[in-house]
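Chemist: just coords:
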């Protein structure tokens, strides 16, 4: 299994590239601000061929480069309908007036091919098997992606859960009640060995977070 993370220099948002191995097809998760050059380097160095962009949610620090990446590679973008509007209107997700410059960009648009994720959906992409779980709280359309592997289970948590923390809930559409429900329903039942690749910060495991993350400790 090939998994590589590219943190955005601007917002430290993790963009993940996932493939069965070098020289294979791959998926790209959450291409954020200014990652195109690093992404192309990883793809070229490992002879990887993207077939889809998956978005854990619609906040612009996770979707900023989705349009150029999808156009350049000719691939679809997948997002939950709860956050789809933010592809063309990212200001709505952060409570800023429409048209406010966002890191040099004034206009945003959906890729030509946008497909919607649903809770419990199974995706077969690039020789990978992933399941989708809706986990609102940070945003209405937040999802996590569970990757089926032969070794330890792997989950891409977006801004639901970080090493030692959780996603903020004070942006439009955020809700602490929904966040706590998602943590109980989506996170707590997971196996301790599950490797978590979050939207920001270092990777961790459910076992480590269950023992030390104050937000999970409070729920248990």
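Modeler: Yep, that arrived. Remember, predicted model here, so these are calculated numbers, not experimental data. Numbering: from 1, shown residues only.
Chemist: count of residues packed around the nearest residue to residue 138 once chain neighbours are set aside?
Modeler: Once flanking residues are discounted, residue 138 sits nearest to residue 167: 3.4 Å by CB to CB, 6 or more residues apart in numbering. Quick note: C-beta positions are derived from backbone N, CA and C, even for glycine. Per other CB atoms under 10 Å, the neighbour tally for residue 167 reads 26.
Chemist: now do the contacts for residue 167.
Modeler: 137, 138, 142, 158, 159, 160, 161, 179, 199 (CB atoms under 8 Å, 6 or more residues apart in numbering).
Chemist: for residue 1, same thing?
Modeler: Per CB under 8 Å, 6+ apart, neighbours of residue 1: 18, 19, 20, 21, 149, 151, 154.
Chemist: export these to a markdown table and tack on neighbour count?
Modeler: Shown next, in a markdown table, are the contacts of residue 1 (neighbours: other CB atoms under 10 Å):
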| residue | neighbour count |
| --- | --- |
| 18 | 24 |
| 19 | 25 |
| 20 | 14 |
| 21 | 11 |
| 149 | 14 |
| 151 | 8 |
| 154 | 20 |
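Chemist: find the residue at the geometric middle of this protein.
Modeler: With distances taken as CA atoms, centre = their mean, residue 56 lies nearest the centre of the chain, 3.2 Å away.
Chemist: any idea how far residue 150 is from residue 4?
Modeler: Separation of residue 150 from residue 4 (CB to CB, to the nearest Å): 19 Å.
Chemist: after the lengthiest helix in the chain comes which helix or strand?
Modeler: For the chain, the longest helix by residue count, based on DSSP state H, is helix 36-45. Once helix 36-45 ends, the next helix or strand along the chain (criterion: DSSP states H and E) is strand 49-54.
Chemist: what about the helix or strand following that next one, average pLDDT?
Modeler: Next along the chain after strand 49-54, taking DSSP H and E as the criterion, comes helix 60-63. Average pLDDT, helix 60-63: 96.
Chemist: looking at residue 150 and residue 4, which is more packed in?
Modeler: residue 4 (17 against 5).
Chemist: tell me which residues touch that one, please.
Modeler: By CB under 8 Å, 6+ apart, the neighbours of residue 4 are 16, 17, 42, 46.
Chemist: returning to what we had before: with distance to residue 126, pLDDT and secondary structure added, can I get the contacts of residue 1 in TSV?
Modeler: Formatted as TSV, the contacts of residue 1 follow (distance: CB to CB, whole Å; pLDDT from 0 to 100; DSSP: H, G, I helix; E, B strand; the rest coil):
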residue	distance to residue 126	pLDDT	secondary structure
18	8	98	strand
19	6	98	strand
20	7	97	coil
21	11	96	coil
149	14	89	coil
151	18	86	coil
154	14	98	strand
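Chemist: settle this for me: residue 30 is touching residue 60, isn't it.
Modeler: No. Contact criterion CB atoms under 8 Å: residue 30 and residue 60 do not qualify, at 11.0 Å.
Chemist: out of these two, which sits in the more crowded spot?
Modeler: Between residue 30 and residue 60, counting by other CB under 10 Å, residue 30 is the more crowded of the two (28 against 24).
Chemist: from residue 129, how far out is residue 176?
Modeler: Residue 176 is 33 Å from residue 129, by CB to CB.
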